[in-house]
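> compute the structure for the input listed below.
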Amino acid sequence: MNLSDTPITIGLIAANVIFSLIGFSNPAMVDKTIMWPYRVSREKQYLRFITSGFLHADFMHLFFNMFTLYFFGSNIEIIFSIGGLGGSIAYLALYFLGLIVSDIPSYLKHKDNYEYRSLGASGAVSAVVFACIVFSPWSPIYLYGAFRISAMVYAILYIFYCVYMGKQNHDNINHDAHLWGSLFGVAFTLILIAIVQPDLFSIILEQLKHPSLFGTE
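Modelled structure (predicted):
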């Protein structure tokens with residue numbers, strides 16, 4: 001796969017890296033762009049739904065999200081293009097709407113909480129990952145680079161994990177954003193297929209007839 005084949009994915013990664021690197025050494029900029037439901041609600045700073053998605057807490061947070069986006073984003077960018085599903089416009093819509101939609105539940109939950117803030121591209125990245133799974137439900141995914149399971153099994157486990165951890169609320173990870181980003185990715189993709197290329201449903205359904213626990217090449 002050549003980098004020139006996936007310019008949108010490369011552009012999104014570049015924007016995330018640049019914005020995050022600036023934020024690492026510029027607390028004032030982070031303060032103005034992080035998702036802060038309290039300020040969004042009272043000062044109508046809705047742009048934070050977007051800007052917060054290009055900030056990351058640290059290098060590991062940034063690397064993990066961009067590593068995931070590179071592989072899954074590249075795939076979905078090509079699928080949307082060669083599959084006649086709207087190409088770059090549809091891909092950008094998936095990414096940015098995923099960014100916004102994934103933060104809405106947290107915004108509604110914490111809009112009166114002055115202390116709550118969140119950041120990161122995880123909601124949009126989750127939307128991209130799950131959109132990719134729609135087209136290849138039994139492809140192998142390697143957890144931590146070692147444990148192989150099929151994409152569909154991963155998706156089910158991931159959803160249950162997000163719901164469980166979201167209820168526990170014991171860490172600083174916005175599990176609600178992961179959950180709703182994932183669900184949005186599936187919904188967006190299915191609606192897009194239904195509107196633009198409904199014939200693709202027969203291919204997807206045929207794949208679903210051949211389940212695999214550990215994934216098929």
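
> show me what counts as buried in the helix or strand of the chain with the lowest mean pLDDT.
Across the helices and strands of the chain, mean confidence by mean pLDDT, DSSP states H and E is lowest for strand 140-143: a mean of 86. For strand 140-143, the neighbour count (16 or more other C-beta atoms under 10 Å) marks residue 141 as buried. Using the backbone N, CA and C atoms, a C-beta is placed for each residue, glycine as well.

> the residue nearest the centre of the chain: helix or strand, and which one exactly?
What sits nearest the mean C-alpha location of the chain, by C-alpha atoms, centre = their mean, is residue 125, with 2.1 Å. Per DSSP states H and E, residue 125 falls inside helix 122-135.

> repeat for residue 153
Going by DSSP H and E, residue 153 is part of helix 151-168.

> tell me the helix or strand right after that helix.
Downstream of helix 151-168, the next assigned helix or strand under DSSP H and E is helix 175-196.

> now do the buried residues in that next one.
Result for helix 175-196 [16+ other C-beta under 10 Å]: buried residues 175-186, 188-189, 192-193.

> return the distance of stretch 70-79 from the chain's centre.
With C-alpha atoms, centre = their mean, to the nearest Å as the basis, stretch 70-79 stands 12 Å off its chain's centre.

> stretch 51-61 now?
In this view, stretch 51-61 has its centroid 13 Å away from the chain centroid, taken as C-alpha atoms, centre = their mean.

> quick check: which ranges of the chain have low pLDDT?
Low-confidence segments of the chain (pLDDT under 70): 1-3, 144-145, 169-172, 217.

> follow-up on the earlier one: which elements pack onto the least confident helix or strand of the chain?
strand 147-150, helix 151-168 (3 or more C-beta pairs under 8 Å, 6 or more residues apart in numbering; DSSP states H and E).

> Provide the strand pairings for that strand, with the direction of each partner.
Each strand paired with strand 140-143, and its direction, by DSSP bridges: strand 147-150 (antiparallel).

> could you pull out the buried residues of the strand it pairs with?
149-150.

> before we move on, what about stretch 115-135?
Within stretch 115-135, the residues that count as buried by 16+ other C-beta under 10 Å are 116-135.

> phi first, then psi, for the closest residue to residue 58 other than its chain neighbours.
The shortest distance from residue 58 to any non-neighbouring residue, by C-beta to C-beta, 6 or more residues apart in numbering, is to residue 24 (7.7 Å). When quoted as degrees, to the nearest 10, the phi and psi of residue 24 stand at phi -60, psi -30.

> how many residues are close by residue 24?
Residue 24 has 15 neighbours, counted by other C-beta atoms under 10 Å.

> tell me the angle of the helix holding residue 125 relative to helix 151-168?
Angle between the axes of helix 122-135 and helix 151-168 is 150 degrees (criterion: axes from the mean of the first three to the mean of the last three C-alpha atoms, to 10 degrees).

> please name every helix or strand in contact with helix 122-135.
Applying 3+ C-beta pairs under 8 Å, 6+ apart, we find helix 122-135 packed against helix 59-68, helix 74-82, helix 87-110, helix 151-168, helix 175-196.
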